[in-house]
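Student: Here is a sequence together with a model predicted from it:
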Amino acid sequence: MKKFYKFLLPLGIVSLALVINGCSKDDDGDGGTQEFESISSSSAEEVISRIPDGLKNSTDENAEACIDHIETATSWSSFSGNFTPGTGAEKISSKSTGNEIYKWTAPYENSTITFYWEYEETSTKYIWEWDIQYGDGPLYDYMDAWELKDGSEGELKYNCQWACYTYGEEVEQCEDIYWIYTWKEDNAGVITFTMLYETLETEYDYFFKIEVIVNPDGSGSADYYLHGDYYHYHYEWDALGNGSWVWYLGDSVTSGNWSA
């Protein structure tokens, strides 16, 4: 029987930063407020809006799995609350340095957790960087992102191992592992989203990867890879939502279709 591998992203981990974060404006140190750009969710929303109702409403299990993968690949918008300084943030650099850097601290378990949040704006893009510190320990990478100002292209890297470092030497494999989201809309209006979940395993290059391509008319394709390319699902659909699927399991191939 065909098996589907679905992953619920542990966004509760992300909620730590969402709880600590505050408003989209922060005191600029001169009695005013400093406004910051947040990452756009327009590309993800556009992908979802383009998906034909025939695919969205299908009760075929393969069509439903296809939708699950599309929603997972575009779920980076759940991180949107991380793009402003937190409540009580202290500015530790001025605009004259080129970047805005803030830090803020909150209780965490039996210690404290401190975020260092950096924002930079160039002529073409917005850039955000976060580091995280437990107590008086070293800084670890938490999240990095950039996006073109028109929202047509960007990348977000989230270190899903950040909590591992709270346990220090008690954890043997405490290394950075990232969820990496990328998105791009080309001049023809074709939108491509990818999500890559890294791994510490040596047998394969990544834990899973999803790539979604959606055309202006709503037709498109989605590929889901698990454990490198050992498990591979390929989906295609037309502008009405009729589609096909192929499942590769090692050397075994299974395929089928669904109708809108």
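Tutor: Happy to help now that I have it. Numbers count the residues shown, from 1 in each chain.
Student: Might one say that residue 209 is in contact with residue 196?
Tutor: Yes. If you go by CB atoms under 8 Å, residue 209 and residue 196 touch, sitting 4.8 Å apart. For every residue, glycine as well, the C-beta is placed using N, CA and C.
Student: what touches both of the two?
Tutor: Counting by CB atoms under 8 Å, 6 or more residues apart in numbering, no residue touches both residue 209 and residue 196.
Student: May I see the buried residues of the one helix or strand residue 69 maps to?
Tutor: Applying DSSP states H and E as the criterion places residue 69 in helix 61-73. Residues of helix 61-73 classed as buried: 62-63, 65-73 (neighbour count, 16 or more other CB atoms under 10 Å).
Student: other SSEs contacting it?
Tutor: Counting contacts by 3 or more CB pairs under 8 Å, 6 or more residues apart in numbering; DSSP states H and E, helix 61-73 packs against helix 42-50, helix 53-56, strand 191-197, strand 208-214, strand 220-226, strand 231-237, strand 243-249, strand 252-258.
Student: Now the fourth one: average pLDDT?
Tutor: Computed over strand 208-214, the mean pLDDT rounds to 95.
Student: List the pairing partners of it within its sheet, with orientation.
Tutor: In the sheet containing strand 208-214, its partner strands are strand 191-197 (antiparallel), strand 220-226 (antiparallel), by DSSP bridges.
Student: highest average neighbour count across those?
Tutor: Of all these, strand 220-226 carries the top mean neighbour count, a mean of 22, counting by mean count of other CB atoms under 10 Å.
Student: I would like the residues contacting that strand, please.
Tutor: 5, 50-51, 66, 69-70, 73, 206-214, 231-237.
Student: Please name the spatially closest residue to residue 126 (chain neighbours excluded).
Tutor: residue 37 (4.9 Å; CB to CB, 6 or more residues apart in numbering).
Student: count of neighbours near that neighbour?
Tutor: Using other CB atoms under 10 Å, the number of residues around residue 37 comes to 15.
Student: Now do it against residue 119, distance only.
Tutor: 8 Å (CB to CB, to the nearest Å).
Student: Would you mind confirming that residue 103 is in contact with residue 115?
Tutor: Yes. Assessed by CB under 8 Å, residue 103 is found in contact with residue 115 at 6.5 Å.
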